[in-house]
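Asker: after the sequence you'll find the predicted model.
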Amino acid sequence: MLGPALDGGYWLIGVRAAAPSLFRGISWGGACVLAETRKRAAAAGLRTHLLPSTFDVDEAPDLVRLRALLARRQVDLPRTATVVRSLVLPAS
């Protein structure tokens, strides 16, 4: 199961058993991470199911966006909200 991120990566990956070959030597942070992971999964005989696309949180602006969604109660993530409230964001 893969949750595609809008930047070409993913926000979630779920597997039933360890599959380290999916991640070894992958070019993290690039626009092709999802495509490369799907290609590796197919080569390993694994089926993939895609969830709805959304943004991931891997840069400060993404965290600002998530914090705003939480504040407006557009997403219900109580544990994430607790952690996000404790973070000091860089000045913009």
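Answerer: Perfect, thanks for sending it. Residues are numbered from 1 along each chain as shown.

Asker: and the gap between the residue nearest to the spatial centre of the chain and residue 51?
Answerer: In the chain, the residue lying closest to the centroid (C-alpha atoms, centre = their mean) is residue 11, at 1.5 Å. According to C-beta to C-beta, to the nearest Å, residue 11 and residue 51 sit 8 Å apart. (C-beta placed from N, C-alpha, C; glycine too.)

Asker: mutual contacts of these two, please.
Answerer: Counting by C-beta atoms under 8 Å, 6 or more residues apart in numbering, the contacts common to residue 11 and residue 51 are 3, 4.

Asker: mind listing the strands for the protein?
Answerer: Remark: strands assigned in the chain by DSSP state E are 2-4, 10-13.

Asker: what's the burial count for residue 55?
Answerer: 15 (other C-beta atoms under 10 Å).

Asker: same question, residue 23
Answerer: Counted with other C-beta under 10 Å, residue 23 comes out at 13.

Asker: picking up where we left off before, now do the contacts for the residue nearest to the centre of the chain.
Answerer: Taking C-beta under 8 Å, 6+ apart, one finds 3, 4, 5, 54, 55, 56, 57 in contact with residue 11.

Asker: picking up where we left off before, can you put the strands of the chain in JSON lines and add distance to residue 86 and mean pLDDT?
Answerer: JSON lines is the format used below for these (distance: least, C-beta to C-beta, whole Å; pLDDT from 0 to 100):
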{"stretch": "strand 2-4", "distance to residue 86": "24", "mean pLDDT": "95"}
{"stretch": "strand 10-13", "distance to residue 86": "21", "mean pLDDT": "92"}
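
Asker: ranking these by burial, who's on top?
Answerer: For those, the largest average neighbour count (mean count of other C-beta atoms under 10 Å) is found in strand 2-4, namely a mean of 19.

Asker: pull the distance from that strand to the chain's centre.
Answerer: On the basis of C-alpha atoms, centre = their mean, to the nearest Å, strand 2-4 sits 7 Å off its chain's mean C-alpha point.

Asker: over to stretch 13-24?
Answerer: Distance, centroid of stretch 13-24 to centroid of chain: 14 Å (C-alpha atoms, centre = their mean).

Asker: name the residues that touch that stretch?
Answerer: So stretch 13-24 is contacted by 1, 2, 3, 37, 40, 41, 44, 46 (C-beta under 8 Å, 6+ apart).
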